[in-house]
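>>> below are the sequence and a predicted model for it; my questions follow.
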Amino acid sequence: MPRAQPRQGVKYVNNEEPAFIKQFKEKIGYKEGPDINSKRNIPNFDEDEEDDGAPEAEEEKPIVVVIKSGDLTAEEADVEQKQIDEGPAKLDEKITFKKPIKRSKETAEASTESTVVDKKQKRGNEKKGAKSLTKRTKNTSLLSFGDEEDEGV
């Protein structure tokens, strides 16, 4: 006798939410997210077309700049900033720190190669020095329970 397949008997029943859950959602102001059908209805904008009606992101909106006769240009602003940076220190103002300048890959690789060699040499020297220090120094602050009995006898 053939077995009945369990998949044939499985059905989904979409019931309403219980009343207490509805009340709770109303109290907290819960808003339902988009369901599958509403996601399918969202218009798909092509990236190639410039005037497709797609809303512009805040970063993509044009910026209007009006330059007056006394305003600085970008080059002049850079020159002014360099003069401020290289000028004498102002001791009466709050101290501020700059972010470090990132090094290029070539200089970073060269410095890491030299530091690796230096570290290996230092490790070798430290191992030799550590052995001699352990032989010379004896830590007297360690606990020893047998010394008290020997002193009293």
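Great, that's in hand.
>>> now do the helices in the protein.
Taking DSSP state H, the helices of the chain run over residues 19-28, 36-40, 74-86, 105-136, 146-152.
>>> so how far is Asn41 from Val66?
42 Å (C-beta to C-beta, to the nearest Å). In short, each C-beta sits where N, CA and C put it, glycine included.
>>> what does Glu76 give?
Shown here: Glu76 relative to Asn41, a distance of 52 Å by C-beta to C-beta.
>>> the more surrounded of those two?
It is Glu76, of Glu76 and Asn41, that has more neighbours when counted by other C-beta atoms under 10 Å, with 10 against 7.
>>> how about that one, what does it touch?
If you count contacts by C-beta atoms under 8 Å, 6 or more residues apart in numbering, Glu76 has none.
>>> likewise for the one 10 residues further on?
Glu86 sits next to no residue when contact means C-beta under 8 Å, 6+ apart.
>>> now do it, the pLDDT please.
According to the prediction, Glu86 has pLDDT 82.
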